[in-house]
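Student: build me a model from this:
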Amino acid sequence: MKRRAFLQSALASAAALSLPRSNLLAAAMRAEPVAPASLGAVTGDGKAVTLSERALAALRARLRGRLLLASDEGYEEARQILNPSFDKYPALVVQPTGVADIRAAVEFAQEHGGLLLAVKCGGHSFSGQSTCDRGMQIDLSRFRHVRVDPASRTAWVAGGSLLGEVDHESMAYGLATPLGTVSHTGVGGLVTGGGFGRLARRFGLAVDNLKSVQVVSADGRLRRASADENPDLFWGVRGGGGNFGIVTNFEFQLHPLQRQVYGGSMVFPMARAREAIELFAAYGPEAPDDLSLGFTMAQPPGDQPGIVVFEVCYSGPESGVERALAPLRKLGKPLADEIRPVDYVELQRSSDMEDPRALGIYLKGGFIRSLTPELAAAIIDGFRPDPRRMTALFFQVGGGAIARVPPDATAFAQRDIFANMLTISGWRFGDDPTEHIQATRAYWSELEPHTHGFYVNDLVPDATVAAIQANYRQNHERLVAVKNQYDPTNLFRLNANVKPSTVTASLQG
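Tutor: Prediction:
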């Protein structure tokens, strides 16, 4: 059984047990005693503002897409993200169908005091940053398109597109670019944070394969950014998250890739965890660039046994596959060996979750430069499953082409990492999450001393300003300069936030 099967099993169990969602907050919002001709909202600073009927009508008239209020059909679906632990109610939702709509929405947010602004693409934000209470959510789910030019090996991708759409269109021409491991992830969120994926050790991070972007910045202007045009913005978008605006178009470099790769999982019982993690620690840094090697320890809820999983994507020549897998074979006979020739697009879909909203989720993560014996012991000895929840620890590997890019070449600074290490708990939605979150934090407290920063796409709600600043390392000062230029009022703050100098000065004052 591979990790996808484990997760889907856990989700199915949770779905059968989950409690009905409460609509009390929605009802409270709709029953709030505001004048029928106005709508209450908040700014990014938390100040209450009133949006008049005339202002809302003017915004609606400027849009080709939809403007949704709490009473409108489609609002419930639009406001939700994949992690149901974040159950928030924006005052208004804009669903753009093009760049003009995005510009109109950003200008409206600025004109009304700098509305609290959340941007949703695929809705995968573990920290809930792609939704908000009483602000504006810009939902990009209706702004999706991919165009491929096989001659120049280039793909142009609209800002709301999903990874699977890019894989589908590009592989039709025998081309690919490194993009994540779950096909329903949004391109915008993944790429601006860095973008790990099954091809990253071979071709680099997603940000390393960008040729240009188009960005609607905080003043509502559309700017193109590349190595030659607005290069400071281009540098900042590649790893600085959503700090500088909404990317409306990504231009990717594509690479030739055979349609058939070798992929799948090799599963061992939890009793083999110690020797398995020692093998991963030794072989992971030495693996060839065309081998993506993941490692997972997982315990489903209930009385199902825990498992240890190696996840593989080998994209090199067929003659080299057995040599690349030979170190894993030394562990002996697994519970299951599902590594096989597989269509690359199919492999990219293999980690998709059919019902991600059945579980509440809490995640902690950080980068490691090596998997030392001390860290391996902490991982094994501190792993304490509970039958009431899903418990897992897993790694996204670095190295290879990722490490050959200088740390200041893009805003993504952590080029020296061995892996991104994450631990996660999942419980049936509706249960009290307190104990599960506490357990995750306790486990992470034993692991965190071995980490050096974190992946901004795995930002947690309780991350401190100091931790975020330190995470950008030597690039933080330059990021502040880019923020000052393109978002001096910090309109785009629901992210691993780089605060502009004016905001930092006011906080210090």
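Student: pLDDT score for the nearest residue to residue 118 once chain neighbours are set aside?
Tutor: Nearest non-adjacent residue to residue 118, counting by C-beta to C-beta, 6 or more residues apart in numbering: residue 132, 4.1 Å away. Backbone N, C-alpha and C define where each C-beta goes, glycine included. You'll see residue 132 listed with a pLDDT of 96.
Student: quick check: phi and psi at residue 132.
Tutor: Backbone torsions for residue 132, taken as degrees, to the nearest 10, come to phi -160, psi 160.
Student: same question for residue 234.
Tutor: Per degrees, to the nearest 10, the backbone of residue 234 is at phi -60, psi -40.
Student: what about residue 353, distance to residue 341?
Tutor: Residue 353 is 24 Å from residue 341, where distance means C-beta to C-beta, to the nearest Å.
Student: more neighbours, these two?
Tutor: Comparing residue 353 with residue 341 by other C-beta atoms under 10 Å, the one with more neighbours is residue 353, at 16 against 12.
Student: state the distance from the more buried one to residue 184.
Tutor: Counting by C-beta to C-beta, the gap from residue 353 to residue 184 is 8 Å.
Student: equivalent analysis for residue 62, please.
Tutor: 30 Å.
Student: of the two, who's got more company?
Tutor: residue 184 (18 against 15).
Student: quick one: low-confidence parts of the stretch 251-400 of the chain?
Tutor: Counting by pLDDT under 70, the stretch 251-400 of the chain has low-confidence residues at 354-358.
Student: mind listing the helices for it?
Tutor: 273-283, 321-329, 344-349, 373-382 (DSSP state H, counting those that start in this stretch).
Student: how about the stretch 1-150 of the chain?
Tutor: Using DSSP H, counting those that start in this stretch, helices in the stretch 1-150 of the chain cover 3-17, 24-31, 53-62, 75-79, 99-111.
Student: okay, now the domains of this structure?
Tutor: Residue ranges for the domains of the chain, per automatic domain parsing: 3-11+260-458, 34-142, 146-256, 474-508.
Student: you'd agree the residue nearest to residue 118 is up against residue 494?
Tutor: Yes: under the criterion of C-beta atoms under 8 Å, residue 132 makes contact with residue 494 at 6.5 Å.
Student: which neighbours do these two share?
Tutor: With contacts taken as C-beta atoms under 8 Å, 6 or more residues apart in numbering, the residues that reach both residue 132 and residue 494 are 116, 117, 118.
Student: what score does the second one have for pLDDT?
Tutor: What the model reports for residue 117 is a pLDDT of 98.
Student: follow-up on the earlier one: which one of the domains of the chain is the most hemmed in?
Tutor: When you average the neighbours per residue for each of these (mean count of other C-beta atoms under 10 Å), domain 146-256 leads with a mean of 22.
Student: now residue 371: how far from residue 97?
Tutor: Separation of residue 371 from residue 97 (C-beta to C-beta): 46 Å.
Student: correction: residue 232
Tutor: Look at residue 232 and residue 97: by C-beta to C-beta, they are 30 Å apart.
Student: of the shared contacts of residue 132 and residue 494, closest to residue 349?
Tutor: Within the shared contacts of residue 132 and residue 494, the smallest distance to residue 349 is 27.2 Å, found for residue 118 (C-beta to C-beta).
Student: where in the stretch 401-509 of the chain is pLDDT low?
Tutor: In the stretch 401-509 of the chain, residues with pLDDT under 70: 503-509.
Student: residue ranges of the strands in it, please?
Tutor: 419-428 (DSSP state E, counting those that start in this stretch).
Student: didn't residue 224 look like it was pressed against residue 212?
Tutor: Yes: with contact defined as C-beta under 8 Å, residue 224 reaches residue 212; the gap is 6.2 Å.
Student: using TSV, please lay out the shared contacts of residue 132 and residue 494 together with distance to residue 261.
Tutor: Shown next, in TSV, are these (distance: C-beta to C-beta, whole Å):
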residue	distance to residue 261
116	43
117	40
118	36
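Student: what about these, which are in strands?
Tutor: Counting by DSSP state E, the members of the shared contacts of residue 132 and residue 494 that fall within strands are 117, 118.
Student: nearest to residue 91 among the shared contacts of residue 132 and residue 494?
Tutor: For those, the nearest to residue 91 is residue 116 (8.6 Å; C-beta to C-beta).
Student: with adjacent residues omitted, what lies nearest to the closest one?
Tutor: If the residues on either side of it in the chain are set aside, residue 116 comes closest to residue 135, at 2.8 Å by C-beta to C-beta, 6+ apart.
Student: relative to residue 219, how far out is the one you found?
Tutor: Counting by C-beta to C-beta, the gap from residue 135 to residue 219 is 19 Å.
Student: which ones are touching residue 185?
Tutor: 122, 124, 162, 163.
Student: which of those residues sits closest to residue 245?
Tutor: Distances from residue 245 to the contacts of residue 185, taken as C-beta to C-beta, are shortest for residue 122 (18.1 Å).
Student: quick check: the residue nearest to residue 118 vs residue 343, distance?
Tutor: Distance of residue 132 to residue 343, given as C-beta to C-beta: 39 Å.
Student: next one: residue 76
Tutor: Distance, residue 76 to residue 343, using C-beta to C-beta: 35 Å.
Student: and if you look at residue 467?
Tutor: 41 Å.
Student: with residue 199 instead?
Tutor: As judged by C-beta to C-beta, residue 199 and residue 343 stand 14 Å apart.
Student: and residue 488, by the same measure?
Tutor: Following C-beta to C-beta, the distance that separates residue 488 from residue 343 is 47 Å.
Student: end to end, how far does stretch 44-64 reach?
Tutor: 26 Å (C-alpha to C-alpha, to the nearest Å).
Student: what of stretch 492-502?
Tutor: Start-to-end span of stretch 492-502 (C-alpha to C-alpha) is 14 Å.
Student: for it, give me every contacting residue.
Tutor: Outside stretch 492-502, the residues that touch it by C-beta under 8 Å, 6+ apart are 44, 116-119, 129-130, 132, 193, 218, 240-246, 456, 459, 463, 465, 468, 471-472, 476, 479-480, 482-484, 487-490, 507.
Student: what about those residues, which are in helices?
Tutor: Counting by DSSP state H, the contacts of stretch 492-502 place 193, 465, 468, 471, 476, 479, 480, 482, 483, 484, 507 in helices.
Student: so what's the third one up against?
Tutor: Which is residue 468. So residue 468 contacts 459, 496, 497, 498 (C-beta under 8 Å, 6+ apart).
Student: Throw those into CSV and include distance to residue 147, thanks.
Tutor: CSV is the format used below for these (distance: C-beta to C-beta, whole Å):
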residue, distance to residue 147
459, 31
496, 30
497, 33
498, 31
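Student: which of those sit farthest apart?
Tutor: Of all pairs in those, the most separated under C-beta to C-beta is 459 and 498 at 12.4 Å.
Student: for stretch 72-80, what does the pLDDT average out to?
Tutor: pLDDT averaged over stretch 72-80 gives 95.
Student: and it, end to end?
Tutor: Stretch 72-80 has an end-to-end distance of 14 Å (C-alpha to C-alpha).
Student: also stretch 362-382?
Tutor: Termini of stretch 362-382 sit 17 Å apart (C-alpha to C-alpha).
Student: where's that stretch relative to the chain centroid, distance-wise?
Tutor: Distance, stretch centre to chain centre, for stretch 362-382: 21 Å (C-alpha atoms, centre = their mean, to the nearest Å).
Student: so how far is residue 166 from residue 382?
Tutor: Residue 382 is 38 Å from residue 166, by C-beta to C-beta.
Student: can you check residue 285 too?
Tutor: 29 Å.
Student: same question, residue 60
Tutor: To residue 166, residue 60 is 32 Å away according to C-beta to C-beta.
Student: thanks again, I'm all set now.
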